[in-house]
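**Q** Sharing a model that was predicted from the sequence below.
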Amino acid sequence: MRLHAAERGHRWKERLILGIVRRTMGEATDVQRVLFHRPEFLGRPLGMITHHAMRLECDWSIAERELFAAYLSKQNRCDFCIVCHGEYASQAGDRALVERTLRDGIAGYARMDAALEFLTAFASGPDAITAGHLERLRGAGVGDAAIRDLAQIAFAFSLINRVADALEFKVPEPALFAKSWPRMRDSGYRF
Amino acid sequence: MNDPYALERRALVNAVTQGAGHLSPEVRTAIVDRARGQATDGVVPAALVGFVDRVAEDAPEIGDADVDAVKAAGFDEEAVFEAIVAAALGASLARLEAVDVLLMGRG
């Protein structure tokens, strides 16, 4: 990671938490280091939004939401988040579907494909997002509340993708994320 | 339609722009606004402008030299961290706000 302060400059309480993560998981990831660095600045408030969008009850399954995170990260070329959320999506759902979607950009069912098109536009920039994207989602049976959930996921991961790339997060093996999945599934993103 | 995320989003923007930090709240707010595409009238220090634009628009292409140049201009690591987060937040907010406008425009 590029900034020593974000890698090693934690206060005692967060150092303790990262120590526990290292002992239980084998290593702490760079995203954990960054979110636990001055957690009141980024980690905690971003965690609240991310948890809300990724884990609270909504019209998208947890597997679909993890795949949104992975797919948006692919559009943003964020290797850390592609590996992390690609593995989480595979753990939560259908690995072949995840691999195909990340490779071809097509999931093969209408509401997911409309969501992928929306995420591609979201990654391109504010001017790329049009009423047509929303109409395609609505036409596939996605209500406005679910569109808002999708947009919020895109927002949260647009932010962390940029932080990850600017700081050059080290990309762990997918096996590490397979190991952390049961806790992420049950406890989610809030801390 | 009420936005169930509005309070959480406000809390995030407030934490990044107004919480304790090495960059002033004015500079952090200006970085967020710049990344949202708004005019900020020179509030973002000149040595940070190119860097925060890169974070907002082309983060995968940032290299060690970009970070080193900002540090060499006198910004400490905490300030660089804050600048990265503020620019990332602004770029992401701009997109979300575009969606909000479309959702509200449904009538």
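**A** Done, it's in. Here the structure is a predicted model, which means the values were calculated and not measured. Numbers count the residues shown, from 1 in each chain, chains lettered A, B, ... in the order given.

**Q** Just give me how far stretch B:87-97 sits from the chain centre.
**A** In this view, stretch B:87-97 has its centroid 7 Å away from the chain centroid, taken as Cα atoms, centre = their mean, to the nearest Å.

**Q** so where's chain A uncertain?
**A** Using pLDDT under 70 as the threshold, the predicted model of chain A has no low-confidence range.

**Q** let's go with 90 and repeat that
**A** Within chain A, the stretches falling below the threshold (pLDDT under 90) are A:1, A:4-10, A:26-28, A:190-191.

**Q** State which helix of it is the longest.
**A** With DSSP state H setting the assignment, residue counts place helix A:144-167 as the longest helix in chain A.

**Q** Go through that one and flag the buried ones.
**A** A:146-167 (16 or more other Cβ atoms under 10 Å in any protein chain shown). Glycine gets a C-beta too; all of them are placed from N, C-alpha and C.

**Q** Return the angle between stretch directions for the top helix by length along chain B and helix A:144-167.
**A** The helix of greatest length in chain B, counted in residues with DSSP H as the criterion, is given as helix B:77-104. Our comparison of helix B:77-104 with helix A:144-167, counting by axes from the mean of the first three to the mean of the last three Cα atoms, to 10 degrees, yields an angle of 160 degrees.

**Q** and helix B:77-104 with chain A, contact?
**A** Yes. Judged by Cβ under 8 Å from any Cβ of the partner chain, helix B:77-104 comes into contact with chain A at B:77-78, B:80-82, B:84-85, B:87-89, B:91-100, B:102-103.

**Q** May I have stretch A:36-51 exported as PDB, CA atoms only?
**A** Once non-C-alpha atoms are left out, stretch A:36-51 reads as follows in PDB (Å, rounded to 0.1, in the frame of the first residue of the first chain):
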ATOM      1  CA  PHE A  36      -9.800   0.900  10.400                       C
ATOM      2  CA  HIS A  37      -7.500   3.800   9.900                       C
ATOM      3  CA  ARG A  38      -9.300   6.800  11.500                       C
ATOM      4  CA  PRO A  39     -12.500   4.800  11.200                       C
ATOM      5  CA  GLU A  40     -14.700   7.800  12.000                       C
ATOM      6  CA  PHE A  41     -13.400   9.500   8.900                       C
ATOM      7  CA  LEU A  42     -14.300   6.900   6.300                       C
ATOM      8  CA  GLY A  43     -14.700   3.300   7.500                       C
ATOM      9  CA  ARG A  44     -17.600   3.600   9.800                       C
ATOM     10  CA  PRO A  45     -19.900   6.000   7.800                       C
ATOM     11  CA  LEU A  46     -19.100   4.200   4.500                       C
ATOM     12  CA  GLY A  47     -19.700   0.800   6.300                       C
ATOM     13  CA  MET A  48     -23.200   1.900   7.400                       C
ATOM     14  CA  ILE A  49     -24.200   2.700   3.800                       C
ATOM     15  CA  THR A  50     -22.500  -0.400   2.400                       C
ATOM     16  CA  HIS A  51     -24.100  -2.600   4.900                       C
END
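
**Q** what's the distance between it and the middle of its chain?
**A** On the basis of Cα atoms, centre = their mean, stretch A:36-51 is displaced by 14 Å from the centre of the chain it belongs to.

**Q** That stretch: which residues count as buried?
**A** Neighbour-count burial for stretch A:36-51, counted by 16+ other Cβ under 10 Å, picks out A:36-39, A:41-51.

**Q** Could you restrict the residues you listed to the ones contacting chain B?
**A** Here is what survives when the buried residues of stretch A:36-51 are matched to chain B using Cβ under 8 Å from any Cβ: A:37, A:38, A:41, A:42, A:44, A:45, A:46, A:48, A:49.

**Q** ok, the closest residue to residue A:115 other than its chain neighbours - contacts?
**A** Counting by Cβ to Cβ, 6 or more residues apart in numbering or on different chains, residue A:115 lies nearest to residue A:150, which is 5.7 Å off, once chain neighbours are set aside. The neighbours of residue A:150, taking Cβ atoms under 8 Å, 6 or more residues apart in numbering or on different chains as the test, are A:60, A:68, A:115, A:118, A:119, A:137, A:142.

**Q** and those residues, which are buried?
**A** Buried residues within the contacts of residue A:150, defined by neighbour count using 16+ other Cβ under 10 Å: A:60, A:68, A:115, A:118, A:119, A:137, A:142.
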